[in-house]
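Asks: mind looking at a prediction? Sequence and model below.
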Protein chains: 2
Amino acid sequence: MNLGPYIRERREELRREDAAFSLRRVAERVGIEPSYLSKVERGIGSPPSEETLTRLSAELDVDADVLLALAGKVSSDLQAAIRRRPRLFAEAIRALKDLPDGAVARVVREVRDGEW
Amino acid sequence: MNLGPYIRERREELRREDAAFSLRRVAERVGIEPSYLSKVERGIGSPPSEETLTRLSAELDVDADVLLALAGKVSSDLQAAIRRRPRLFAEAIRALKDLPDGAVARVVREVRDGEW
DNA sequence: ACAGATGTGTAGTGTGTAGTACATGATACA
DNA sequence: TGTATCATGTACTACACACTACACATCTGT
């Protein structure tokens, strides 16, 4: 799924139940120009900045990390965590990256409620 | 440690044993202008791109992820791994980010030779 | 019917990135 | 004492990013 269609579909879904989710009104609440949101939804030009995407994700009630990923970005707090201990986190991510979803989820659970 | 001094110190260390590690010669092998490397080593202007930093790390025999981190960047292959499964990896990294080094290292080892 | 709202087209803006080009001044060394 | 190599200063550039401004045509609700 691409960023533009994903946003458009989500917005139109919300709009079916609430007219406040027109492109113009959403753009206004997010703090960008309607013409810009229109282009974003059609995938024209460069995707919004992290800040704008984060506000948009809150407005549309979708996961910010997913929206950022669709825009080809990674949340700056995750980047900061990696930069803080680059060797360690690079190793960890490369170790996890080819595991199936279930295995990664299990690691997360074990870390969370295990004794580390 | 900042990027510039880190590079400079490493290069001068190598240079004590091999005159081929002058700023000019290194710049030439890496494929950038000497004046630019000079500025990088003094922390002036924007840090090099990921590609340039990677070549520099190979030339100076230092960890590329560390060099990128000092430049405020994260390797694009790590970013791609996160973007591929954003919810999962965001969760994993946020779960690991406050653990002490030893605990993270242990997770890596367990993942690596455990049955996942 | 028409006032207001809606989505889109075109053009332009400021800022950052990742450098190059070339001149200048310092050092080494033979 | 040159001359070859060294580091640095100044100026400039091409391009991408993340938008804004505003006019325009279309649609909707009463």
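Replies: Looks like it came in fine.
Asks: number of residues surrounding residue A:81?
Replies: When neighbours are counted by other C-beta atoms under 10 Å in any protein chain shown, residue A:81 registers 17. C-beta coordinates here come from the backbone N, C-alpha and C atoms, glycine included.
Asks: surely it is in contact with residue B:95?
Replies: No. Using C-beta atoms under 8 Å, residue A:81 is not in contact with residue B:95; the gap is 10.4 Å.
Asks: shared neighbours of those two, anything?
Replies: Overlap of the contact sets of residue A:81 and residue B:95 (by C-beta atoms under 8 Å, 6 or more residues apart in numbering or on different chains) is empty.
Asks: what's the helix or strand for residue A:43?
Replies: According to DSSP states H and E, residue A:43 maps onto no helix or strand at all.
Asks: relative to DNA strand D, how far out is it?
Replies: Noted for residue A:43: a distance of 13 Å to DNA strand D, by C-beta to the nearest atom of the strand, to the nearest Å.
Asks: and the closest residue to that residue other than its chain neighbours, how many residues sit next to it?
Replies: Of all residues not flanking residue A:43 in the chain, residue A:4 sits nearest, at 3.6 Å (C-beta to C-beta, 6 or more residues apart in numbering or on different chains). Residue A:4: 18 surrounding residues under other C-beta under 10 Å.
Asks: what sits against residue A:4?
Replies: Applying C-beta under 8 Å, 6+ apart, the residues near residue A:4 are A:40, A:41, A:42, A:43, A:44.
Asks: now the two most distant members of those.
Replies: Greatest spacing in the contacts of residue A:4, by C-beta to C-beta: A:41 and A:44 (8.9 Å).
Asks: next one: the helix or strand of chain A with the lowest mean pLDDT to chain centre, how far?
Replies: Least confident helix or strand, chain A: helix A:101-113 with a mean of 92, by mean pLDDT, DSSP states H and E. Taking C-alpha atoms, centre = their mean, to the nearest Å, one finds helix A:101-113 lying 21 Å from the centre of the chain it belongs to.
Asks: same drill for residue A:41 and residue A:44, tell me which one is more crowded.
Replies: Between residue A:41 and residue A:44, residue A:41 has the larger neighbour count (other C-beta under 10 Å), namely 21 against 10.
Asks: can you give me the distance of the more buried one to residue A:28?
Replies: 15 Å (C-beta to C-beta, to the nearest Å).
Asks: check residue A:75 too.
Replies: From residue A:75 over to residue A:28 the distance is 25 Å, taken as C-beta to C-beta.
Asks: leaving out sequence neighbours, find the closest residue to residue A:22.
Replies: Spatial nearest neighbour of residue A:22, excluding adjacent residues (C-beta to C-beta, 6+ apart): residue A:15 at 6.6 Å.
Asks: do residue A:79 as well
Replies: residue B:74 (4.9 Å).
Asks: please report phi then psi for that neighbour.
Replies: phi -130, psi 130 (degrees, to the nearest 10).
Asks: model confidence score at it, please.
Replies: In the prediction, the pLDDT value recorded for residue B:74 is 98.
Asks: run a quick neighbour tally on it.
Replies: Using other C-beta under 10 Å: residue B:74 sits among 25 other residues.
Asks: contact partners for it?
Replies: The contact partners of residue B:74, taken as C-beta under 8 Å, 6+ apart, are A:74, A:79, A:82, A:83, B:68.
Asks: closest one to DNA strand C out of the residues you listed, please.
Replies: Of all the contacts of residue B:74, residue B:68 has the smallest distance to DNA strand C: 10.9 Å, by C-beta to the nearest atom of the strand.
Asks: helices or strands up against the strand or helix carrying that closest one?
Replies: For residue B:68, the host element (DSSP H and E) is helix B:64-70. Packed against helix B:64-70, as judged by 3 or more C-beta pairs under 8 Å, 6 or more residues apart in numbering or on different chains; DSSP states H and E, are the following elements: helix A:76-84, helix A:86-96, helix B:3-15, helix B:50-60.
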